[in-house]
Structures are given as structure tokens and as C-alpha cells.
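Novice: I need the structure of the sequence given here:
(chains A and B)
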Amino acid sequence: MTIPGAPGLPTRRFTGRSGSSADRLFRTSTGIAAVTMAGLILAIGLMLLVNSGEAFRQFGVGFVTGTTWDPVAGIYDALPYIVGTLLSSAIALAIAAPIGLLTAIFLAELAPRRVALPLTFLIELLAAIPSVVFGLWGVFVLSPFLGATLEPFLIRTLGWIPIFAGPSYGIGLFSAGIILAIMILPTIVAIAREVISSVPDSQREAMAALGATRWEIVRRAVLPFARSGIVGAIILGLGRALGETMAVTMVIGNGQNIPTRLFDQAQTIASKIATTFNEASIGLQTSSLIALGLMLLVITISLNVVARLLVRRVATEGGR
Amino acid sequence: MTLQIDAPPPPEAAPPEAVPPEAPESGASESGPALVTTYLRGPDVQLAPAARGERREVDAAVVVSGLNVYYGSFRAIRDIGLSIRRHAVTAIIGPSGCGKSTFLRTLNRMHELTPTARVEGSVLLDGIDIMAPDVDPVQLRRVVGMVFQRPNPFPTMSIHDNVAAGLRLTGRVAKAELDAVVERSLRRAALWDEVKDKLRANGTSLSGGQQQRLCIARALAVDPEVILMDEPASALDPVATLRIEQLMAELRASYTIVIVTHNMQQAARVSDETAFFTMGEDRAGYLVEQGPTSQIFTNPKHQLTEDYVSGRFG
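Specialist: Modelled structure (predicted):
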């Protein structure tokens, strides 16, 4: 077919589909992969729900509010472990969030390149240390130090505040929180640094041109611009802290009661499952452990949702 | 360094201003061969041999001499000497890469945000060398404000807070005073009528042209003397560009304005003075000539300038 009046033009056809079979295969395979992942999450949730049924039927709401875990009496409650999980993660965040943010600001805004690059590498290397190695360090280095030095000091100086009261054991909620803080720091630093670095220079220049110091540029232009990403970084760190098992199990002390003081021995949901599932009897005890797992899933998901809502509100608020 | 005035000031010129006697000499003594034009109001610009000890400054808010800027070992601009007239619009024109923006950014030491940038020479602002080590760039930038190529309001702040941002840097300011400054700045930036009912709305909710006027209002709020504009309209549509140009014509009565522009028509429309930069063999930008805009565009002294303004290169 030639176009009249335009001899010599190549014949062009736009009908038919090019590579349609490969295209279809591509779409199908990617679609299957995506659906499988989503299905897996649903399947895990469903498994937890079904297998925890026995415990919930037995204990009802009391599973969440009760404080007893007694295989002899056949009573299994979750509250001490839920509290232990939330408190150890809260301690970790209280330590890691400010330090992580300061570190990220230093790496992204202040440090010259030749300092920032090796430091960044070393900090991200922290994330490569296996959990159990952190646990070993916690047991043989951190906890003895805490038990011999820091905790007695805090008890002496701040002991009049109930949560700082003694006795101290070295292992317990406090050491677990510190270990968790160290473990989630690389996550917080890496993401916060990335977020801060991606703030456009035009924002820094805009603030600088108004007569802002380095610190004011960071505080008034960079951090507000990056804040939702920074909150995201902290949430991801929190997610890691909530689910972290091995290192926590090794230093938290397997306390069976609700911790009321910083130095109490405690237990998180994850560490409870890890220390108990091996000798758990089939039936109610196993079901209770699975119910604990379900609680952990519910906690992480709901914290995530709350945090996301928070991020969205902060991001769209503008103004003050 | 000395400034020379050959012809007596034309009758409409402002009276020569008193020059602080001590600062300029110390700041400028080591700054190389100074061939500095002092501008009078009117068309005639005179270059005369330096007369030692004679120093009269008429209307020059900024006097640059022997200015070199390096990025690492690369010299970006070379031996710039020019004067910027007070309460007038000075346009910097020239082909891409000739260091116009680099030059502009040295005038409030914004170049220091680039780690490798280094400056030689002197920039006298009302007789004080702003490149002197004891000058605080942070305070300098409150006097020499800047408007950027792309509107860059703070996206997490309201319109009101964007304008107030500079004032908040200086410490606690009473709310009533803050509101008054915000209103005055927005009025001067010809934006007040469009935003007065939504001061709490986000700054980024405005159109591009409005955002740029918001940025101008933000710069005005700290009450600068000099405003640097780096191609302030190049990201805007023609209507918004026109508003910015009108605004410059109004602001010139109260502020000294330096504008970098790629757009020669714009330079011809808005500026009183024009400085033409180009790039040498060594890829360093340098000043070819400076003069009243009408002269640069109709009767330039240099062939290079004539070629450029007549569109023969660049």
C-alpha cells in the first residue's frame, strides 16, 4: 500500500499487536506474583485466627486482660507479654529516635563527604549484624555493665521516681530496650538520612536567603519538609523493634509478671513464643501461643495504621 | 581602590552620599587593579584614570572589584568589576554558562552553600567589604535578599507563615507586628488582594506566578536593601511574567534590584542598567561592559555586546 502522491514512502501498518504473547505472559506472571503475596498475608492471618480459636473460646477477653500463664492450672493470659512488648519497644524508640534523627541530620547536612561516606557505611553495617550476635553481646557485655554500673547509679540518683526503683538485675526491660534501640538505629538512620538528603536544595537556599543559620535551615526548612518521611523511618524502626525476637529473648530475663519498673525482668510476645513453643503441649497452650502471635500481628498492624493516619494528618496540615 | 567621576552629576542626580571613611580603604586595598565605574543618574557613564584619594560615591549601592569565583580549581568568573546603582534595576545578561548566576550568588555570599566555591576580590556594600572574614553571611543575607528561578515557597507553611518565616528567625515578634509586616510585604509584592482571605492556606496552593510573588513578599518581609533575582520569571507564563516585571518597576523606588535574565527583551523592559557578561577562552565568565540599558542596547561600546544584543550569538 502506498500513499497517493507520496511515492517512495515506506509502507506503514499500525494494525495488529506487536509481541502480544510475550506481553500477555508478562502481565500474567507479574499478576500472579502480586496476588500470591497478598494471598499469603491473608492465609497467615487466617491460620492465626483459626488456630487461636481454642484459646479465645476458653478465655474470651480475659486472654488480653489476664495476667496468669500457668501450664499446671491450664490458664494462659497475654497481658504481661503485650505490656512487655510495648514497653521494650517504647524504650527503644525513646533512645533510637532522637539519636537516629541527629545522626541522620549530621550525615546528610553537616558532615563533609569524606566523613559521611565511611560513617554511613559503618552504621548500615550495624544492620547486618545477626540478631543472635546482638543477643550474645547483650548477655556478656551490656547486661553486666548495666547491672554493675549504670542501673545502680540510676537507682541511687533517680530511685525516688517509682519507675527507676530497684532492684536491678542487668538483664530486663531496660537492657532489652537498649539492645532494640541499637538494632533499629540503622533502619532509622538510613531512611531518615535518605529523606533528608532528598529535600530539594531550593528549600535550603530559600531559608538561607532570609538570613538563617545552618541550624535554622535544618530546623525550619529541611525537617518540616522531610517530617512525614522521618515519621515513616521511625515507624519502620518501631516495626522491627516490636517483632524482634532473638536478642530480646536473651536479655529480657523471662519475667512472668507485668513490668512496673524500668529494670524489671519481663517478656515480650515474641520472646514468650520463642521460649515456650518447644515444650508447649498440643491443645490449649499451643493455641494460646498462636493467639499471642495474632496479638502481635494486630499490634503491629494497628500501630502502622495509626502512624500512617498521623503522617497524613501532619503532611496535609500545613500552617503551624 | 578609587572611584572616579569625571563629569559633574547631572542636575537630576541625587546628591553624593557620605562615604564611611574607614571601611572601604581597608577592604579594597588588596583587591587588585580597580577600574570602577561610578554611576550617575543619566545616560553618561565616564571612565577616567584613577585619582588617588578621591572617592565619591554617587548612587552606587554595591561596588564589585577584582572578583574571581572558583569552583575547586575551575575559575567560573574572572576579574569582575562593576557597580550597582542604588534604587534601580540592574540586569545581568549574557549567554548560558557565563557566570551570571554565580556572580549574583556572591553578592549575598550564597555561593558559600556550595562547598567547593571560593571567592577573591571585594564586594563593597555601602562601603563595607562583605567578603571580609568578620562579616557574618547570615546577617548579610537579611540585607541582601534573594528570589530564585523557580518559586520555592515552604510547602509546609501557610501563606502567612511563608512571609513571616524570615522575621521569625530574628526571635520573638509580637503577633500584631508580624501580621502588619505580612500584610505590608504582601501588598508590596502585589499579592495581598489575591490572598488576604486565605492567609492560612498552604503556600503551594497558589499558582506559579502567585508563588513567585509570595517569594518576593517573603524576601521583602525582612526589609532588605538589595534584592537579587535569579531569572525570576523564567519558569512563569507570559502573564505572570508581566506581573513580576511590573512589580520590579514598583519596587525599584525602595530597593536596589539586581536581576539575572536570559531574556534580552526583559532586560530592556525592566532594567535601568545592564551589565553584559560573556565567557572567555578559559570558560571563565567576565564582564564585557556595563552601562545604562538604553546605551547597551542601542550603542554598545564593544563588538561582543553588539553581537549579543542584536542576536548574532548566544
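Novice: now the residue nearest in space to the middle of chain B, what's its secondary structure?
Specialist: Central residue of chain B (Cα atoms, centre = their mean): residue B:258, 2.6 Å from the mean position. Here residue B:258 is strand, with the state taken from DSSP: H, G, I helix; E, B strand; the rest coil.
Novice: Tell me who's in contact with it.
Specialist: B:62, B:84, B:89, B:90, B:92, B:104, B:107, B:226, B:227, B:228, B:229 (Cβ atoms under 8 Å, 6 or more residues apart in numbering or on different chains). From N, CA and C alone the C-beta is placed, and that goes for glycine too.
Novice: Just to be sure, the second one is in a strand?
Specialist: Yes: using three-state DSSP, the assignment for residue B:84 is a strand.
Novice: From what I see, it and residue B:256 are in contact.
Specialist: Yes: judged on Cβ atoms under 8 Å, residue B:84 makes contact with residue B:256 at a distance of 6.3 Å.
Novice: which neighbours do the two share?
Specialist: In terms of Cβ under 8 Å, 6+ apart, residue B:84 and residue B:256 are both contacted by the residues B:61, B:62, B:90, B:226.
Novice: These into TSV, with extra columns for distance to residue A:169 and secondary structure?
Specialist: Output for the shared contacts of residue B:84 and residue B:256, formatted as TSV (distance: Cβ to Cβ, whole Å; DSSP: H, G, I helix; E, B strand; the rest coil):
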residue	distance to residue A:169	secondary structure
B:61	72	strand
B:62	70	strand
B:90	74	strand
B:226	66	strand
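Novice: Please indicate which of the residues you listed has the highest neighbour count?
Specialist: With neighbours taken as other Cβ atoms under 10 Å in any protein chain shown, the top of the shared contacts of residue B:84 and residue B:256 is residue B:90, carrying 25 neighbours.
Novice: Alongside chain A, which residues does chain B contribute?
Specialist: By the rule Cβ under 8 Å from any Cβ of the partner chain, the part of chain B lying against chain A is B:108, B:110, B:113, B:115, B:138-142, B:145-146, B:148, B:150, B:152-158, B:161, B:165-166, B:168-170, B:200-202, B:215, B:218-219, B:222.
Novice: Now for the closest residue to chain B within the stretch 1-150 of chain A: which residues touch it?
Specialist: At 7.2 Å from chain B, residue A:112 is the closest residue in the stretch 1-150 of chain A, using Cβ to the nearest Cβ. Counting by Cβ under 8 Å, 6+ apart, residue A:112 touches residue B:115.
Novice: One more: residue B:208?
Specialist: B:151, B:235, B:236, B:237, B:240.
Novice: Restricted to helices, list these.
Specialist: residue B:240 (DSSP state H).
Novice: could you say what helices and strands whatever helix or strand residue A:28 lives in packs with?
Specialist: Under the criterion of DSSP states H and E, residue A:28 resides in helix A:20-51. For helix A:20-51, the contact count by 3 or more Cβ pairs under 8 Å, 6 or more residues apart in numbering or on different chains; DSSP states H and E identifies helix A:284-317 as packing neighbours.
Novice: Return the set of buried residues in the helix it packs on.
Specialist: A:284-297, A:299-300, A:303, A:307, A:311 (16 or more other Cβ atoms under 10 Å in any protein chain shown).
Novice: of the contacts of residue B:258, closest to chain A?
Specialist: So of these, ranked by how close each gets to chain A (Cβ to the nearest Cβ), first place is residue B:228, at 8.3 Å.
Novice: what's around residue A:48, how many residues?
Specialist: 19.
Novice: pretty sure residue B:129 contacts residue B:121?
Specialist: No: the pair residue B:129 / residue B:121 is not scored as a contact, 9.4 Å apart, by Cβ under 8 Å.
Novice: Compute the first-to-last residue distance for stretch B:216-231.
Specialist: One end of stretch B:216-231 to the other measures 13 Å (Cα to Cα, to the nearest Å).
Novice: picking up where we left off before, also compute the angle for the helix holding residue A:28 relative to helix A:284-317, please.
Specialist: Interaxial angle of helix A:20-51 relative to helix A:284-317 (axes from the mean of the first three to the mean of the last three Cα atoms, to 10 degrees): 120 degrees.
Novice: who touches stretch A:63-78?
Specialist: Residues contacting stretch A:63-78 (Cβ under 8 Å, 6+ apart): A:55-56, A:59, A:62, A:79-80, A:82, A:256-258, A:269, A:272, A:281, A:284-285, A:288, A:291-292, A:295.
Novice: circling back: make TSV from the contacts of residue B:258 and add pLDDT to it.
Specialist: Listed next are the contacts of residue B:258 as TSV, based on pLDDT from 0 to 100:
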residue	pLDDT
B:62	92
B:84	92
B:89	95
B:90	95
B:92	96
B:104	96
B:107	95
B:226	95
B:227	96
B:228	96
B:229	96
